[in-house]
Structure formats: structure tokens, C-alpha cells
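> Turn this into a structure:
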Amino acid sequence: MAENILYFARTLRAAGLPVGPGKVLEALKAVQAVGLGRRDEFYWTLHAVFVNRRDQQDLFDQAFHVFWRNPEILQRMMALLLPDITPAAGQRPDDADELSRRLTEAMRPKGDDGREPDEKEEKQEIDAALTFSNQEVLQDIDFEKMSTAELAEAKRAIQSMRLPIMEVPTRRYQPGGGRKADLRATLRTALRQGGDTIPLRFKKPRRRHPPLVVLCDISGSMSRYSRMLLHFMHAVTNDRDRVHTFVFGTRLTNITRHLRHKDVDVAVEKVAESVVDWSGGTRIGACLHDFNVTWARRVLGQGAVVLLISDGLDRDNAEGLEAEVERLHKSCRRLIWLNPLLRYEGYQPKSLGAKALIPHVDDFKTVHNLESLGDLAAVLSRPATRREEGMTRWQKAS
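Numbers count the residues shown, from 1 in each chain. Got it, this is the predicted structure:
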């Protein structure tokens with residue numbers, strides 16, 4: 001039984017649940033304490049140990065019935081081979097299929113070397129996971145629904161991404177065909193050449209891309225997306241200068257120094273060591289207050305562009321959030337809110353946090369797959385006046 005629980009924990013980990021050696025030991029102790037008298041008690045004992053969030057429950061339920069031999073699960077697994085035409089009312093399309101897809105991939109037989117069996121073997125396995133995706137198909141797949149192989153491919157694609165931000169004129173000038181006379185250059189030319197006439201030299205404002213500040217939510221509801229976006233932030237940080245990155249859950253953490261490592265694995269490891277509130281609650285108002293008081297004057301100079309990555313769910317009932325986001329909006333050139341929930345057509349900002357954020361953002365975009373990251377690059381590469389593109393359909397209606 002102990003070995004079976006160990007293999008079951010490995011299956012959950014391969015399917016995407018955060019299961020480590022500590023939870024395996026806790027599961028063994030829990031089963032010893034409860035006993036093996038009833039199947040439902042065994043189910044809820046393991047559920048109490050391995051499931052931390054509501055979105056993990058369906059995956060655990062499927063893995064438990066498949067691993068511990070429930071014959072009724074065969075019908076649900078066979079449904080993967082048939083197209084899903086009409087989803088149930090109130091259910092998001094492909095939710096059950098995607099969860100089973102990860103589970104099927106995690107439970108596929110592996111060889112002694114950890115690889116899948118050779119295709120030339122006489123015994124053929126029907127793989128319902130359908131994990132192969134070319135680059136074009138991969139663009140549209142939600143990060144939450146990607147398989148392990150697709151996540152690895154997406155990370156490689158993110159590392160090659162570039163984020164072109166429009167250049168803006170600065171207060172400094174450079175020689176060129178501008179309309180303002182450069183008196184110093186004119187006098188130097190006159191002294192060097194002599195003569196009766198003094199040829200005028202002109203200068204134009206020097207253009208430079210503004211600083212980029214990223215504020216990323218790493219709470220439990222954003223954990224799957226924030227881990228993928230961490231690779232995107234690493235690519236942006238190593239592609240240009242003046243990029244400042246912060247993550248927040250219940251507290252604010254500056255991870256800019258860690259993301260400057262060229263090796264993305266080393267950078268992610270250092271971020272994981274420094275962040276203590278990963279996959280916890282969210283206190284957006286308190287974290288923005290810390291940013292405005294401690295970091296705003298340091299990193300928001302010269303018209304910085306701010307990316308706020310969050311789903312707008314706040315456990316403090318948006319206490320003080322509207323005042324802090326208004327202050328942040330007035331301190332930067334452009335405030336862009338990236339919300340993965342916006343991918344749903346029926347999304348409405350009904351939470352208190354979303355209602356407080358909506359009036360003070362210049363752009364409201366989704367960020368849930370590679371295509372949305374490409375759209376973000378297109379938005380930042382073109383100039384836009386404040387509030388011109390931030391007028392969402394909810395703001396227009398009001």
C-alpha cells in the first residue's frame with residue numbers, strides 16, 4: 001500500500017499537482033491514522049493531503065478513480081476519443097477533457113529509461129492525450145490547459161519573444177535635422193571654419209523607450225499563469241535595460257535582480273527562494289500601497305509603462321485599492337491591466353477588486369496564451385494617448 005500511494009503521488013505530480021516528498025509522508029501517516037476500512041474514507045484522506053485548491057479537485061478525482069481501479073471511469077476516458085459537441089450548461093468548454101488530457105499523459109507507460117515505448121513495438125497504445133502541437137496551434141492553447149510537453153515548448157517560444165516598446169522623446173537633444181538651433185555646435189563650427197557667415201546647426205530631441213515596470217500577481221488563482229509569465233518577464237528583462245519586476249500575493253517582492261541571470265532555470269530558482277507567499281492569498285491594495293510608498297519614486301521616473309498582471313480578486317475586499325491604483329495611474333505614462341479572465345466572452349468585472357481597477361487603467365487585455373503575449377507586444381509597440389485605448393466596453397457604457 002505504501003508503494004502504491006507513492007506511485008499515486010508521482011502520477012499527481014506528473015499531471016501538474018504540487019506534490020512533493022513531504023506530502024507523500026503526510027499521506028502515509030494519514031492513511032495509518034484513518035485506516036483502510038472504507039473506500040470513501042480512503043478517498044477523502046488522500047484528498048485532504050494532496051488537494052489544496054478547488055481547481056485541483058477534478059484532476060484528483062479522475063486520477064483517484066483511474067489509479068485505484070474504478071470501472072465506471074472507463075466511460076469517461078473513452079469520451080476523450082469522441083468530439084464534445086454540446087458542453088453542459090454552466091460548464092466551460094473542454095474543461096473536463098483538458099484535465100483528463102494531463103492525467104492521460106501522466107499515466108502513459110514509460111520505459112526503463114523514462115521514455116515512452118517505441119512505436120515499432122507490437123503492442124500499440126492508443127494515446128488520447130494528443131499532446132503534439134505545432135507552433136501555430138500552440139499559439140491558441142490556454143496556459144492552464146497545456147500538457148507538460150506543450151508547456152515546455154511554450155517556454156522555449158517565450159524565451160525568443162521580444163517586447164518592442166514605442167520610443168518617446170526625452171529632454172535631452174542630439175545632433176540632427178530638428179527645428180531647434182544648437183548654439184554650441186553652431187559656435188564650434190564657426191570658430192573652426194571662420195568666414196563671414198555662420199552656418200546654423202540644429203538639434204532634435206533624443207528618443208528612448210520608457211522604463212517598463214511589471215507587477216505580477218502570484219496568488220493561488222494566478223499561479224499557473226504567473227509561472228509561465230515568469231519566463232516572459234525573464235526574456236524581457238534580458239532583452240532591454242530599465243525593466244523592473246515585482247511579484248505580489250500577500251506582500252510585495254522585488255525580483256528584478258534575480259531575473260537578470262541569463263540562465264532562466266537559475267533565475268526561476270532564485271525567485272522561488274526569495275518569494276514566500278507563492279500561491280497564497282491576494283492583498284492587491286496593500287501591495288500597491290507598499291509599491292507607491294517604497295518603489296514608485298525609484299522606478300516610475302521618465303514616464304514608465306506599468307503592466308499590472310492580476311485577475312482582480314482581492315481577499316481584503318478591495319480595501320484602499322482604488323486610491324492606490326489611482327495614485328499609480330497618475331505616476332506612470334501608461335497603466336495596462338492584463339487579466340487572464342478576460343478570455344471569456346461573458347466576463348464582467350463584478351468583483352470589488354475589478355471594479356476598483358477598471359476606471360484607472362489605460363488598456364485592458366487578456367494574457368492566457370502565446371497569442372495574447374504577441375498582442376501585448378503589438379500594443380506596446382505603437383504610440384497611444386492616455387485613456388484612448390483604455391476605454392473598455394464597461395467604461396463606455398457608464
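> Name the single longest strand found in this protein.
strand 168-181 (DSSP state E).
> How far away from the center of its chain is the next helix or strand after that strand?
Downstream of strand 168-181, the first helix or strand assigned by DSSP states H and E is helix 183-193. Taking the mean of its C-alpha atoms, helix 183-193 sits 54 Å from the chain's own mean (Cα atoms, centre = their mean, to the nearest Å).
> what's the helix or strand containing residue 247 packed up against?
Remark: residue 247 resides in strand 243-248, with elements defined by DSSP H and E. Applying 3 or more Cβ pairs under 8 Å, 6 or more residues apart in numbering; DSSP states H and E, we find strand 243-248 packed against strand 212-217, helix 223-237, strand 252-254, helix 256-259. In short, each C-beta sits where N, CA and C put it, glycine included.
> how far off strand 243-248 does the first one point, in degrees?
To tie it back to what came earlier, the one meant is strand 212-217. 10 degrees (axes from the mean of the first three to the mean of the last three Cα atoms, to 10 degrees).
> Tell me the strands beside the longest strand of the chain, with direction?
The strands beside strand 168-181 in its sheet (DSSP bridges) come out as strand 202-208 (antiparallel).
> rewinding a little: ok, and what's touching the strand holding residue 247?
Residues from elsewhere that reach strand 243-248 (Cβ atoms under 8 Å, 6 or more residues apart in numbering): 211-218, 226, 233, 236-237, 252-256, 259, 271, 275, 277, 282-284, 287, 291, 295, 299.
> Tabulate the CA atom coordinates of that strand in PDB.
Output of strand 243-248 as PDB, limited to C-alpha atoms (Å, rounded to 0.1, in the frame of the first residue of the first chain):
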ATOM      1  CA  VAL A 243      13.000  46.800 -16.600                       C
ATOM      2  CA  HIS A 244      11.800  46.400 -13.000                       C
ATOM      3  CA  THR A 245       9.800  43.300 -12.000                       C
ATOM      4  CA  PHE A 246       7.700  42.800  -8.800                       C
ATOM      5  CA  VAL A 247       5.500  40.000  -7.700                       C
ATOM      6  CA  PHE A 248       2.800  40.200  -5.100                       C
END
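> one step back: just the buried ones from the contacts of strand 243-248, in PyMOL syntax?
To isolate the buried ones among those in PyMOL, judged by 16 or more other Cβ atoms under 10 Å, type:
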select buried, resi 211+212+213+214+215+216+217+218+226+233+236+237+252+253+254+255+259+271+275+277+282+283+284+287+291+295+299
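> Might you report the residue contacts of residue 226?
216-218, 247, 309 are the contacts of residue 226 under Cβ under 8 Å, 6+ apart.
> got those residues as JSON lines, with distance to residue 353 and pLDDT columns?
Output for those, formatted as JSON lines (distance: Cβ to Cβ, whole Å; pLDDT from 0 to 100):
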{"residue": "216", "distance to residue 353": "15", "pLDDT": "92"}
{"residue": "217", "distance to residue 353": "10", "pLDDT": "91"}
{"residue": "218", "distance to residue 353": "15", "pLDDT": "88"}
{"residue": "247", "distance to residue 353": "17", "pLDDT": "92"}
{"residue": "309", "distance to residue 353": "13", "pLDDT": "91"}
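> and which of these is nearest residue 241?
Closest approach between the contacts of residue 226 and residue 241, by Cβ to Cβ: residue 216, at 19.6 Å.
> Quick check: chain neighbours aside, which residue is closest to that closest one?
residue 309 (4.4 Å; Cβ to Cβ, 6 or more residues apart in numbering).
> May I have the phi/psi pair for that neighbour?
Main-chain torsions, residue 309, degrees, to the nearest 10: phi -100, psi 110.
> residues in contact with it?
Going by Cβ under 8 Å, 6+ apart, residue 309 touches 214-217, 222, 225-226, 229, 338-339, 367.
> so what strands line up beside the strand holding residue 247?
Counting by DSSP bridges, strand 243-248 is paired with strand 212-217 (parallel), strand 252-254 (antiparallel).
> Put together TSV for those, with distance to residue 176 on each row.
Output for the strands paired with strand 243-248, formatted as TSV (distance: least, Cβ to Cβ, whole Å):
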stretch	distance to residue 176
strand 212-217	26
strand 252-254	37
